[in-house]
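1. got a predicted structure here, sequence first:
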Amino acid sequence: MTQEEIYALAIGHIQERRRTAERLQETRTAQIQYEIPETAELDRQLRSACLDIVNVLGKPDNKERLAAIERHCQEADAMLRKILSEHGYPEDYLHIQYTCKECDDTGFVDGKPCKCLTYEIGKIGTEALNAHSQLSLSQFSDFSLSYYIDLPTEQYYTMQQDYATCQRYAVTFSPSSAGNLYLYGGTGLGKTHLSLAIASEVLKKGYTVIYDSVINLLHTLEQEQFRKGKEVGDTLPSLLECDLLILDDFGAEFDTAFTRSMLYTIINSRVNARKPMIINTNLTHQEVRERYGDRILSRLISSSQILPFYGKDIRLRKKAENGNR
């Protein structure tokens with residue numbers, strides 16, 4: 001999805017909110033006028049006053065007339081509020097209730113994009129990037145520590161701590177304070193499962209999450225880098241600005257100058273901006289150093305909570321268990 005398509009979709013969502021709010025206000029007005037007939041006359045007076053204001057604005061020496069209309073509006077509005085309150089309704093029951101109080105669901109404040117429009121653009125862009133991911137496939141309740149019970153005591157305790165840390169990270173997540181998690185260990189030990197479980201919980205809080213393998217994200221970035229002028233999305237800003245970025249299978253991508261440079265840009269930018277990341281890798285610290293150098297390893301290790309994973313490939317164990325049934 002291109003940035004133009006994302007922007008158009010975001011504007012469409014906000015405009016639909018505005019139309020919904022206006023339709024709801026019309027429904028409430030009709031309901032109240034049916035239940036309390038005297039409000040119909042007050043509403044007519046307020047609408048008439050609005051037309052009078054438009055007509056008077058273009059005429060000379062209109063200050064006294066405008067002041068008189070304003071007083072009349074205030075009196076009618078006060079009477080309407082009083083009647084609504086006496087009948088058990090909120091005083092502002094007939095006001096249009098926009099979702100965003102700053103821009104009244106227009107998407108703009110003083111000609112500049114409102115934060116609700118910026119959020120909607122980020123949300124749609126995130127959903128587009130996550131369209132082919134597995135975000136809905138893992139929950140904390142599906143994660144079983146029984147697969148680690150035969151580990152040495154210290155390693156089993158570490159896995160218990162990893163599980164608890166990931167749960168706590170999800171429950172307390174805030175983009176301004178969450179920090180980074182660095183999960184490392186062999187294939188099939190639960191790193192992706194717990195990362196997806198975190199993503200699921202963070203998404204429920206209304207935050208933007210981008211999850212994908214490093215291979216897929218770098219492939220998208222490379223296409224955009226070398227196909228300028230074509231209608232492609234603008235992925236890098238989304239990766240840098242989303243509330244939580246989860247990079248899965250770090251180290252499984254092709255090692256090129258482009259991938260090293262892009263990974264450093266993403267990691268360094270988010271660390272500097274204090275934006276949370278979760279990194280999953282099968283590589284040891286030494287293998288990361290040999291592959292990327294001390295610069296990337298240092299940024300990752302110094303800015304992250306390190307969670308080592310132990311055990312045997314759970315996917316293979318599950319396959320064997322199912323085959324024996």
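-> Cool, got the structure. Bear in mind that the values here come from a model prediction, so they are computed numbers and not experimental data.
2. so which residues of this protein form helices?
-> 3-35, 38-57, 63-86, 115-129, 153-171, 191-204, 214-226, 235-241, 257-272, 285-292, 294-303, 314-323 (DSSP state H).
3. what is the rounded mean pLDDT of the last one?
-> Which is helix 314-323. Helix 314-323 carries an average pLDDT of 72.
4. is it true that Q139 touches A197?
-> Yes: in this structure Q139 lies within contact range of A197 using Cβ atoms under 8 Å: 5.5 Å. To be clear about C-beta, it is placed using only N, CA and C from the backbone, and glycine gets the same treatment.
5. show me which of these two is the more surrounded one.
-> For Q139 versus A197, neighbours defined as other Cβ atoms under 10 Å are more numerous around A197 (22 against 12).
6. may I see the buried residues of stretch 70-89?
-> By neighbour count with 16 or more other Cβ atoms under 10 Å, stretch 70-89 contains the buried residues 73, 76-77, 80-81, 83-84, 89.
7. return the most buried member of the helices of the chain.
-> Stretch with highest mean neighbour count among the helices of the chain: helix 191-204 (a mean of 22; mean count of other Cβ atoms under 10 Å).
8. still on that earlier bit, just send the helices of the chain back as CSV, with distance to L145 too.
-> Shown next, in CSV, are the helices of the chain (distance: least, Cβ to Cβ, whole Å):
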stretch, distance to L145
helix 3-35, 41
helix 38-57, 63
helix 63-86, 57
helix 115-129, 31
helix 153-171, 6
helix 191-204, 11
helix 214-226, 28
helix 235-241, 32
helix 257-272, 30
helix 285-292, 25
helix 294-303, 26
helix 314-323, 11
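9. closest one to G251 among those?
-> G251 lies closest to helix 285-292 among the helices of the chain, at 6.2 Å (Cβ to Cβ).
10. so what does that closest one touch, helix or strand wise?
-> In terms of contacts (3 or more Cβ pairs under 8 Å, 6 or more residues apart in numbering; DSSP states H and E), helix 285-292 is packed against helix 257-272, helix 294-303.
11. give me the distance from the longest one to the chain's centre.
-> Looking back up the chat, that one is helix 257-272. Mean-position distance between helix 257-272 and its chain equals 22 Å (Cα atoms, centre = their mean, to the nearest Å).
12. swap in the last one?
-> In this view, helix 294-303 has its centroid 27 Å away from the chain centroid, taken as Cα atoms, centre = their mean.
13. now do stretch 194-201
-> Relative to the centre of its chain, stretch 194-201 is centred 14 Å away, using Cα atoms, centre = their mean.
14. what do you get for stretch 77-89?
-> With Cα atoms, centre = their mean as the basis, stretch 77-89 stands 39 Å off its chain's centre.
15. contacting residues around it?
-> With contact meaning Cβ atoms under 8 Å, 6 or more residues apart in numbering, stretch 77-89 is reached by 32, 35-36, 38-39, 42-43, 46, 90-94.
16. circling back: ok, of the buried residues of stretch 70-89, which one's closest to E16?
-> Nearest to E16 among the buried residues of stretch 70-89 is Y89, at 26.3 Å by Cβ to Cβ.
17. if I look at that closest one, how far off is C116?
-> According to Cβ to Cβ, to the nearest Å, Y89 and C116 sit 27 Å apart.
18. mind putting the contacts of stretch 77-89 into TSV with pLDDT and distance to V171?
-> As requested, those are exported to TSV (pLDDT from 0 to 100; distance: Cβ to Cβ, whole Å):
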residue	pLDDT	distance to V171
I32	89	43
E35	88	45
I36	89	47
E38	85	52
T39	85	47
L42	79	50
D43	76	48
L46	74	48
P90	90	34
E91	88	38
D92	87	36
Y93	87	37
L94	83	40
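19. tell me which of those residues is nearest to S238?
-> Once Cβ to Cβ is applied, the member of the contacts of stretch 77-89 that ends up nearest S238 is D92, at 37.7 Å.
20. contacting residues around the closest one?
-> R81 are the contacts of D92 under Cβ under 8 Å, 6+ apart.
21. identify the residue nearest I198 in space, chain neighbours excluded?
-> Spatial nearest neighbour of I198, excluding adjacent residues (Cβ to Cβ, 6 or more residues apart in numbering): A170 at 4.5 Å.
22. isn't the one you found up against E201?
-> Yes: the criterion here is Cβ under 8 Å, and A170 meets it with E201 at 3.8 Å.
23. hmm, back to that, mean pLDDT added to the helices and strands packed on helix 285-292, as CSV?
-> CSV is the format used below for those (pLDDT from 0 to 100):
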stretch, mean pLDDT
helix 257-272, 90
helix 294-303, 88
